[in-house]
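Enquirer: sequence first, predicted coordinates after that:
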Amino acid sequence: MAGGLVVILQRPFQVGDRVKVGDIYGDVIDVGPVYTRIRTLDDTAFAIPNGRFLDESVGSSNAGEITAMTTVDLLVDRNADVALARALVEDAVLTSPYANLERRRAVLAAETDWAVRIRARAYVVDFRYEMDFVTDVTERARAALRAHGIAGPALPAGEAVAGAAVSPAWS
């Protein structure tokens, strides 16, 4: 019950916010005295005891606003022209109909053990279009990378890629 009071009085999020608590990510659809209900992007509803919000941090991607920062990760071969790869991904972001170009954005590169991760971070015009933005940028960036001869990484034998938004290969 104490968790319910904290959620109601402190209002760390509100109905309509897109939040992440633990491994659950989705839209707050109801805040009650005992449970907060969240509907995930794949339409699964969870009733989360409010006491959990006392023990775990809660991230809100939109904090009551209509826009939300969204991340798209793509992996390219370690021998790829990283500057060109970044430019192609940035072009995909800038031309996406879902991107809010009035807000800040960045396209960054970082090496992993077996690839270079190109990470695009941008605001979407409406947080409800988050996955549309991810899909749009991923599809168009992959096509541009492929057209410029930039290969995806060769995965080490038996290696799996973690993260649903990471696109490792172009084949």
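Expert: That came through, no problem. Keep in mind the model is a prediction, meaning the values are calculated, not measured.
Enquirer: domains of the chain?
Expert: The record, using automatic domain parsing to delimit domains, assigns the chain the ranges 2-60, 68-167.
Enquirer: and the helices in the chain, which stretches?
Expert: Remark: helices assigned in the chain by DSSP state H are 2-10, 52-55, 82-94, 130-147.
Enquirer: so for the first one, mean pLDDT?
Expert: Read that as helix 2-10. Average pLDDT, helix 2-10: 55.
Enquirer: kindly report the same for the third one.
Expert: Averaging the model's pLDDT scores along helix 82-94 yields 98.
Enquirer: what's the angle from that helix to helix 130-147?
Expert: Here the directions of helix 82-94 and helix 130-147 differ by 140 degrees (axes from the mean of the first three to the mean of the last three Cα atoms, to 10 degrees).
Enquirer: show me what helix 82-94 is packed up against.
Expert: strand 68-76, strand 105-111, strand 116-124, helix 130-147 (3 or more Cβ pairs under 8 Å, 6 or more residues apart in numbering; DSSP states H and E). The C-beta positions use only the backbone N, C-alpha and C, and glycine is treated the same way.
Enquirer: relative to the whole chain's centre, how far out is the third one?
Expert: In terms of Cα atoms, centre = their mean, to the nearest Å, the centre of strand 116-124 is found 9 Å from the chain centre.
Enquirer: hey, which helix or strand in this structure has the poorest pLDDT?
Expert: When each helix and strand of the chain is scored by mean pLDDT, DSSP states H and E, strand 166-167 comes last, with a mean of 46.
Enquirer: low-confidence ranges in this protein?
Expert: Where the chain drops to pLDDT under 70, the residues are 1-11, 156-171.
Enquirer: recalculate using a threshold of 90.
Expert: Applying pLDDT under 90 to the chain flags the ranges 1-23, 32-34, 41-42, 50-69, 113-114, 127-128, 154-171.
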